[in-house]
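Colleague: Next one to model:
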Amino acid sequence: MKIFINAFGTDIRLKQGVSVEPASPALRDVLRALPDPEKGRLDRFIKDDLSLREGCVILVNGRNIASLDGLETRVQDEDELTFTVLVAGGSFTSPLRNRPRWAGR
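Modeller: This is a model prediction of the structure:
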């Protein structure tokens, strides 16, 4: 099976194809079947027991595994696995802050 791995973090940007021979199509077995160099790069996202590190998510074809079947999510040939950290934030500008002075406060 060939899959594509994306990993995005503060100090990593990885996008590559990888061939794996998992025992089953479950994500858990696909992760176990990854070659050692790939596992090492993903240590910042997943623990040895395959649980996620705090603040990390795995997406299968752009969908969070939390909304699928978790580590039992089925992975197929040519699927894309994305490992990333959760990001929140942005900016908010109050509409009142940008009013002209003559408009009153």
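Colleague: hey, let's count contacts and neighbours off CA atoms from now on
Modeller: Fine.
Colleague: hang on, residue 28 in a helix?
Modeller: Yes. Residue 28: assigned to a helix according to DSSP: H, G, I helix; E, B strand; the rest coil.
Colleague: Nearest spatial neighbour of it, chain-adjacent residues omitted?
Modeller: Once flanking residues are discounted, residue 28 sits nearest to residue 71: 4.9 Å by CA to CA, 6 or more residues apart in numbering.
Colleague: how about stretch 47-62: buried residues?
Modeller: Within stretch 47-62, the residues that count as buried by 16 or more other CA atoms under 10 Å are 52, 56-60.
Colleague: Among those, which ones are in helices?
Modeller: Among these, no member falls in helices (criterion: DSSP state H).
Colleague: centre of the chain versus the worst-scoring helix or strand of the chain on mean pLDDT, how much separation?
Modeller: None of the helices or strands of the chain scores lower by mean pLDDT, DSSP states H and E than helix 36-42, at a mean of 82. Centroid separation for helix 36-42 versus its chain: 15 Å, with CA atoms, centre = their mean, to the nearest Å.
Colleague: CA atoms only for it, dumped as PDB, please.
Modeller: In PDB, the C-alpha atoms belonging to helix 36-42 read as follows (Å, rounded to 0.1, in the frame of the first residue of the first chain):
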ATOM      1  CA  ASP A  36      11.600   3.400  11.400                       C
ATOM      2  CA  PRO A  37      12.800   6.800   9.900                       C
ATOM      3  CA  GLU A  38       9.200   7.900   9.500                       C
ATOM      4  CA  LYS A  39       8.200   6.800  13.000                       C
ATOM      5  CA  GLY A  40      11.100   8.900  14.300                       C
ATOM      6  CA  ARG A  41       9.800  12.000  12.500                       C
ATOM      7  CA  LEU A  42       6.300  11.400  13.900                       C
END
